[in-house]
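> Below is the sequence, then the predicted model.
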Amino acid sequence: MKKNMGTNDKIIRIIIAIVISVLYMTQVITGTLAMVLLVLGGIFLLTSLINFCPLYVPFGINTCKSKK
C-alpha cells in the first residue's frame, strides 16, 4: 500500500475520532447513531495510523506531499 494521506488529513481524522469517542462516553450520542459513528471513528483512526485511505484510490486523491 502506497501512502496517500498527508499530515493534515491524519490530524483531522484523529480529532474527529476523539470527538466521537468523547460524545459517546458522555452519552451525548446513543443508540444506532452512536454505533455508526463509533465505527466511522474507528475507521478514521485506523486509516490515520496506516497512512492509507482505500476510498482515495478510485478517485485518484493523494494528500501526501510529493518528494522531489
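Arrived safely, thanks for sending.
> What's the per-residue pLDDT of the most centrally placed residue in the chain here?
By Cα atoms, centre = their mean, the mean C-alpha position of the chain lies nearest to Phe44, the distance being 2.0 Å. At Phe44, the predicted lDDT confidence score is 96.
> what's the pLDDT at the closest residue to it other than its chain neighbours?
Distances taken as Cβ to Cβ, 6 or more residues apart in numbering put Arg13 closest to Phe44, at 4.1 Å, once the chain neighbours are dropped. Just so you know, the C-beta spots here come from the backbone N, C-alpha and C atoms, and that holds for glycine as well. In this prediction, Arg13 carries a pLDDT score of 95.
> Could you say which helix or strand holds Arg13?
Assigned by DSSP states H and E, Arg13 belongs to helix 7-25.
> export that helix as PDB, just CAs?
C-alpha atoms of helix 7-25 as PDB (Å, rounded to 0.1, in the frame of the first residue of the first chain):
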ATOM      1  CA  THR A   7      -0.300  15.100   7.900                       C
ATOM      2  CA  ASN A   8      -3.200  17.500   7.900                       C
ATOM      3  CA  ASP A   9      -5.600  14.800   6.800                       C
ATOM      4  CA  LYS A  10      -4.400  12.400   9.500                       C
ATOM      5  CA  ILE A  11      -4.700  15.100  12.200                       C
ATOM      6  CA  ILE A  12      -8.300  16.000  11.200                       C
ATOM      7  CA  ARG A  13      -9.300  12.300  11.200                       C
ATOM      8  CA  ILE A  14      -7.800  11.700  14.600                       C
ATOM      9  CA  ILE A  15      -9.500  14.700  16.000                       C
ATOM     10  CA  ILE A  16     -12.900  13.600  14.600                       C
ATOM     11  CA  ALA A  17     -12.400  10.100  16.100                       C
ATOM     12  CA  ILE A  18     -11.600  11.600  19.500                       C
ATOM     13  CA  VAL A  19     -14.600  13.900  19.400                       C
ATOM     14  CA  ILE A  20     -16.900  10.900  18.500                       C
ATOM     15  CA  SER A  21     -15.400   8.900  21.400                       C
ATOM     16  CA  VAL A  22     -15.900  11.700  23.900                       C
ATOM     17  CA  LEU A  23     -19.500  12.300  22.700                       C
ATOM     18  CA  TYR A  24     -20.200   8.600  23.200                       C
ATOM     19  CA  MET A  25     -18.600   8.400  26.600                       C
END
